[in-house]
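Colleague: based on what follows, work out the 3D shape:
(chains A and B)
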Amino acid sequence: MDLGPFLFLASLEGLVQAAVLSLSALGLCLVFGVLRVVNVAHGEFYMAGAVIAWAISHALPGQPLLGFLAALFLAPLLVGLAAFIADRAILRKINHNPEATIVATIGMLYVIQQSALIGFGPDARPMEPPFYFHVNFPWFGYSGYKLSVILMAAALLLFVWYVISRTRLGLFMRATQLDREMAQVSGIPVGWVYGLVFAAGAMLAALGAVLIAPIRQVHYLMGLDPLLMSFIVVIIGGLGSIRGALLAALVIGMCDGIVSMFFSPTLAKMISTLLVALVLILRPEGLFGQRKPL
Amino acid sequence: MTGSGKRSLTLHIGVLVLLFLLPFILPDYHQLVITRIMILAIFALGYNILFGYAGLLSLGHAMFFACGLYAAGLPVYHLGWEVPLAFLFAIVISALAAALIGAIALRTQGVAFMIVTLMFAQAVYLGTLYFSDVTGADEGLVLPEHARSFDALGMRVDLTSPEVRYYIALALLSAAVLMVCRWVNGGLGREWVAVRENESRTRMLGYNTFLIKLKAMVISGTFSGGAGAAYGLLFAYVGSTFASIQYSIDALLFTLLGGAGTVLGPILGSFIMFYLVDFFSGHTTAYLLATGVVLILLIMYFPLGVLGTLRKKWLPWLP
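Modeller: Residues are numbered from 1 along each chain as shown, chains lettered A, B, ... in the order given. Next up is the predicted model:
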């Protein structure tokens, strides 16, 4: 293959990567923006989404499309419920203190991951794509499912934007983000908003995982990579800035996809990490973060 | 010296004497386990300087541990260096690495600092996998025969002997405990605590808080690197596993469990957690579940850890 078409193929792979990454990074970013905490168990919610999707499609043999659609609704719902309960039962008890929350979510990370190891087993398992369909470019055929992942992720991002900027829940979220106490005084149930946003963050991660599960395999340790990539994205974009996170997800996802194709995935991850160092040296608050007054 | 100073000195020396006497009564297996725990305790002591005293929560201390491990192990393996020289080299390299990474990571604050340290550690881990020709990646490297003994003070020190390893680990741990005691009770320790309690106020009083934090980072990283070097040289093995996130979390867990901001806390935490995991791994492959549950319960009900709670309730003189 010539360099041109190969670069095109690499960019498509990068776009798929960026699509899923932007979903999970947006989840992390929302949680940080509203709750002011970092959810280290984010990657495990992602993994849980993929595992539930695998279980559902496994329970409906021979009907990959039906299984996939069921997974697309049920997996995020179950994961969101679990996250909501975790927030109410654990994080509320420690008042969402940033450092304590990190420790508690590391604990959750192990609990979820090891439960998956017990229930799902240590093997990587493939999940059947909902449909087989090839788009023929002049130089190569490309999986139609991968292209649809990009579209579905874009649609989901639009939906999130609509919820945040046009609905009552979004208004509550933005108010809580701006000033928690004022929001509470104005009658916004801040505790519930916290729980819902934490759940929404986990659901976005799970959605991304359901989309990617038919492309990659499902494994109980699959949560670590998206967690670190999402971290990279929210740091580069500026903690809590949705605009920054989306832009950074696009850049990092594309970059990761292309370098992975040309060189090696390990090198791609190292480059992204060092990019973070560079951004921090030039702009400690990230590209779109707000500089804190000293 | 005040009364409380005397009591705390007695306590620390008592603990070290107890560790000194233990091998006479313990079976071989536990002797080996405690050797390991003591090395990890040095790692946790180093972590505690940064987290417990300077109030900076790092999620990437495995990178310093691994840095010491490789800086000691690689020259021995590839260049045939002597053990003491490799150990000193590892200490210097760890200090330099900690200074460099600290200078970058300390530009961020709060949660960003935690994420940045986590990611640097991950870059180091991936690096050890990527350069597998040199590092041996996951399989690691077993150090050659010549590195199993060395001459010191006119004596031949044999690193294959369990007793010798035990007492070397104990000597290093004692040195580490005494250094930490000295620092935290001196001016530097107070500066750290001042930064932990209220950084803006400390800055207003005319202190260079960046420099204070950087000092904590360098000392903490050097301790961790020293522990890594000792681990690699005593057990003649270096491998990527030691750079994984697991080890960064372990240091945090040991410190939290024993009591952050107490000198003996990390040591106690290492002992409890090591035996707990040892117990669970006999029963299930998912022994890390124990780590998770302990972390959640600790942070919900005992955020001060064992010694922190003791100090608050009954023993206010505990350092």
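
Colleague: tell me which helix or strand the residue of the stretch 1-150 of chain A found nearest chain B sits in.
Modeller: Residue of the stretch 1-150 of chain A nearest chain B, by CB to the nearest CB: residue A:110 (2.8 Å). Heads up, the C-betas are built off the backbone N, CA and C, glycines and all. Taking DSSP states H and E as the criterion, residue A:110 maps to helix A:98-120.

Colleague: partners of the helix or strand following that helix in the sheet?
Modeller: For helix A:98-120, the succeeding helix or strand toward the C-terminus, using DSSP H and E, is strand A:134-136. Paired neighbours of strand A:134-136 in the sheet (DSSP bridges): strand A:141-143 (antiparallel).

Colleague: which helix in the chain has the most residues?
Modeller: Reading this off chain A. Longest helix in chain A, counting residues (DSSP state H): helix A:3-35.

Colleague: my question was about chain B
Modeller: helix B:209-235.

Colleague: elements contacting that one?
Modeller: If you count contacts as 3 or more CB pairs under 8 Å, 6 or more residues apart in numbering or on different chains; DSSP states H and E, helix B:209-235 packs onto helix B:28-48, helix B:62-74, helix B:83-105, helix B:162-185, helix B:187-197, helix B:199-204.

Colleague: quick one: closest of these to residue B:279.
Modeller: Judged by CB to CB, the one of these that comes nearest to residue B:279 is helix B:28-48, at 11.8 Å.

Colleague: by contact count, what packs against that closest one?
Modeller: Judged by 3+ CB pairs under 8 Å, 6+ apart, the packing partners of helix B:28-48 are helix B:162-185, helix B:209-235, helix B:245-258, helix B:265-281.

Colleague: what comes up buried for it?
Modeller: For helix B:28-48, burial by neighbour count (16 or more other CB atoms under 10 Å in any protein chain shown) applies to B:31, B:34-48.

Colleague: for chain A, what is the nearest residue in chain B?
Modeller: residue B:292 (2.8 Å).

Colleague: quick check: angle from the helix or strand hosting that residue to helix A:98-120?
Modeller: Counting by DSSP H and E, the element that carries residue B:292 is helix B:288-301. Counting by axes from the mean of the first three to the mean of the last three CA atoms, to 10 degrees, helix B:288-301 points 150 degrees away from the direction of helix A:98-120.

Colleague: hang on, the earlier thing: test my guess that the residue of chain B closest to chain A contacts residue A:105.
Modeller: No - checked against CB atoms under 8 Å, the pair residue B:292 and residue A:105 is beyond contact range at 10.1 Å.

Colleague: what do these two both touch?
Modeller: Counting by CB atoms under 8 Å, 6 or more residues apart in numbering or on different chains, no residue touches both residue B:292 and residue A:105.

Colleague: quick one: buried residues of the helix or strand containing residue A:245?
Modeller: Element membership for residue A:245 (DSSP H and E) is helix A:242-262. Buried residues in helix A:242-262, counting neighbours by 16+ other CB under 10 Å, are found at A:242, A:244-261.

Colleague: pLDDT of that helix, averaged?
Modeller: Average pLDDT, helix A:242-262: 86.

Colleague: can the very next helix or strand once past that helix be found next to chain B?
Modeller: Next helix or strand after helix A:242-262 toward the C-terminus (DSSP H and E): helix A:265-282. Yes - Helix A:265-282 reaches chain B (CB under 8 Å from any CB of the partner chain) through A:266-267, A:269-270, A:273-274, A:276-277, A:280-281.

Colleague: write the PyMOL selection for whichever of those are buried.
Modeller: Only the buried entries of these go into this PyMOL selection, using 16+ other CB under 10 Å:
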select buried, chain A and resi 266+269+270+273+276+277+280
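
Colleague: just send the residues of helix A:265-282 next to chain B back as a markdown table, with pLDDT too.
Modeller: Formatted as a markdown table, the residues of helix A:265-282 next to chain B follow (pLDDT from 0 to 100):
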| residue | pLDDT |
| --- | --- |
| A:266 | 80 |
| A:267 | 82 |
| A:269 | 80 |
| A:270 | 80 |
| A:273 | 79 |
| A:274 | 78 |
| A:276 | 79 |
| A:277 | 74 |
| A:280 | 74 |
| A:281 | 72 |
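
Colleague: for the stretch 151-294 of chain A, which residues are neighbours of chain B?
Modeller: Going by CB under 8 Å from any CB, the residues of the stretch 151-294 of chain A near chain B are A:224, A:228, A:231-232, A:234-235, A:239, A:264, A:266-267, A:269-270, A:273-274, A:276-277, A:280-281, A:284, A:292, A:294.

Colleague: poorly predicted segments of the chain, please.
Modeller: Using chain A here. Scanning chain A for pLDDT under 70 picks out A:1, A:290-294.

Colleague: oops, wrong one, chain B.
Modeller: For chain B (pLDDT under 70), the answer is B:1-5, B:147, B:151-154, B:284, B:316-319.

Colleague: repeat the analysis, applying 50 as the threshold.
Modeller: Where chain B drops to pLDDT under 50, the residues are B:1.

Colleague: which one in it is furthest away from the centre?
Modeller: residue B:204 (32.2 Å; CA atoms, centre = their mean).

Colleague: quick check: the gap between that one and residue B:194.
Modeller: 11 Å (CB to CB, to the nearest Å).

Colleague: over to residue B:81?
Modeller: Counting by CB to CB - residue B:81 and residue B:194 are separated by 41 Å.

Colleague: what does residue B:297 give?
Modeller: Look at residue B:297 and residue B:194: by CB to CB, they are 31 Å apart.

Colleague: now swap in residue B:27 and tell me
Modeller: 47 Å.

Colleague: ok so, going back, looking at residue B:297 and residue B:194, which one has more neighbours?
Modeller: More neighbours surround residue B:194 than the other of residue B:297 and residue B:194, with 19 against 13 (other CB atoms under 10 Å in any protein chain shown).

Colleague: in this structure the more buried one contacts residue B:207, no?
Modeller: Yes - at 7.1 Å, residue B:194 and residue B:207 qualify as touching, with contact defined as CB under 8 Å.

Colleague: can you name the residues that contact the residue in the stretch 151-294 of chain A that chain B sits nearest to?
Modeller: The minimum distance from the stretch 151-294 of chain A to chain B, using CB to the nearest CB, falls at residue A:273 (3.9 Å). Applying CB under 8 Å, 6+ apart, we find residue A:273 in contact with A:232, B:119-120, B:122-123, B:126.
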